[in-house]
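Enquirer: The amino acid sequence is not available; the structure is as follows:
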């Protein structure tokens, strides 16, 4: 079936009746935009709609599917055979037939370009979804922050900073020094040694997970920078 030819035939039948696209749409229970899509060959009406349309125009279903009036019985039989063969056509063959007609009309370049853009867009979207679901682990050095934590009865920000010399610093937003020591990174596990105790924390995606220094509560620190940050304090303050 040639959608362009069928659309042109629908437009000619409508014009012969003296109807606007909106008037035809009202008779068929659709919008004028749908009628316009039919007539431009961008959309194929369903079988039920074609039957209803044939009654309005006084033409047969075969004539609508052929996109022209059929004058005798021989033409009707030939058209019926073609339309039956088209209905039995596999979706794969139908798609390639549609593609060939578009290539004949517009040329291969626009279709190839559109297909490549569609594939590229699908790849970018898939990669974005994958990274959202499985973010890559961040590396060190860097700074991580945990917001609105109750520390000594007050809500504050807690910062974990790792420098390039294997030193880590744990402090709050007011400059309170909570912990300082050496660290070592092994894949997604960080070993912390403050000279008195050794413990391990884990990197997962863009976060690190550690136990709060004042109790057993587990905290999640979010990655905020690839460089060491010091808020209201300096590395020298930890040496006192």
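Expert: The structure has been received and is ready for your questions. Here the structure is a predicted model, which means the values were calculated and not measured.
Enquirer: can you count the residues close to residue 222?
Expert: Per other CB atoms under 10 Å, the neighbour tally for residue 222 reads 14. Bear in mind the C-beta positions are built from the backbone N, C-alpha and C, glycine included.
Enquirer: same question but for residue 145, I mixed them up
Expert: Applying other CB under 10 Å, I find that residue 145 has 18 neighbouring residues.
Enquirer: Residue 227 versus that one, what's the distance?
Expert: For residue 145, the distance to residue 227 (CB to CB, to the nearest Å) stands at 13 Å.
Enquirer: same deal with residue 160?
Expert: Distance, residue 160 to residue 227, by CB to CB: 13 Å.
Enquirer: which residues do the two both contact?
Expert: residue 143 (CB atoms under 8 Å, 6 or more residues apart in numbering).
Enquirer: now the helices for this structure?
Expert: Taking DSSP state H to define them, one finds helices in the chain at 3-17, 21-28, 32-39, 47-57, 61-66, 73-88, 91-106, 108-133.
Enquirer: pLDDT on the longest one, on average?
Expert: Averaged across helix 108-133, pLDDT comes to 76.
Enquirer: hmm, which helix or strand of this structure has the shakiest average pLDDT?
Expert: Across the helices and strands of the chain, the lowest-confidence element by mean pLDDT, DSSP states H and E is helix 73-88, at a mean of 55.
Enquirer: how about the nearest residue to residue 160 once chain neighbours are set aside, what does it touch?
Expert: Once flanking residues are discounted, residue 160 sits nearest to residue 144: 4.4 Å by CB to CB, 6 or more residues apart in numbering. Residue 144 sits next to 159, 160, 161, 207, 208, 221, 222, 223, 224 when contact means CB under 8 Å, 6+ apart.
Enquirer: And this structure, what are its domain boundaries?
Expert: As given by automatic domain parsing, the domain ranges for the chain are 3-130, 142-239.
Enquirer: Any idea which of these has the lowest pLDDT on average?
Expert: domain 3-130 (a mean of 77).
Enquirer: Check this protein and tell me which residue is nearest its centre.
Expert: In the chain, the residue lying closest to the centroid (CA atoms, centre = their mean) is residue 125, at 4.7 Å.
Enquirer: any idea how far it is from residue 61?
Expert: On the measure of CB to CB, residue 125 and residue 61 end up 41 Å apart.
Enquirer: Over to residue 27?
Expert: 17 Å.
Enquirer: and what of residue 187?
Expert: According to CB to CB, residue 187 and residue 61 sit 68 Å apart.
Enquirer: try residue 218
Expert: Applying CB to CB to residue 218 and residue 61 gives a distance of 70 Å.
Enquirer: When the two are compared, which one has more neighbours?
Expert: Legend: neighbour count by other CB under 10 Å for residue 218 and residue 61, higher for residue 61 (16 against 9).
Enquirer: Now for the more buried one: which residues touch it?
Expert: Residue 61 is in contact with 47, 50, 51, 54, counting by CB under 8 Å, 6+ apart.
Enquirer: Closest to residue 23 out of these?
Expert: Nearest to residue 23 among the contacts of residue 61 is residue 54, at 17.2 Å by CB to CB.
Enquirer: The closest one reaches residue 63, doesn't it?
Expert: Yes - taking contacts as CB atoms under 8 Å, residue 54 lies within contact range of residue 63: 7.4 Å.
Enquirer: I'd assumed residue 143 was in contact with residue 225.
Expert: Yes - contact criterion CB under 8 Å: residue 225 and residue 143 qualify, at 4.4 Å.
Enquirer: Mind picking the two most distant members of the contacts of residue 61?
Expert: 47 and 54 (10.6 Å).
Enquirer: Of the two, which one has the most company?
Expert: Neighbour tally, residue 47 and residue 54, criterion other CB under 10 Å: the higher count belongs to residue 54, 17 against 11.
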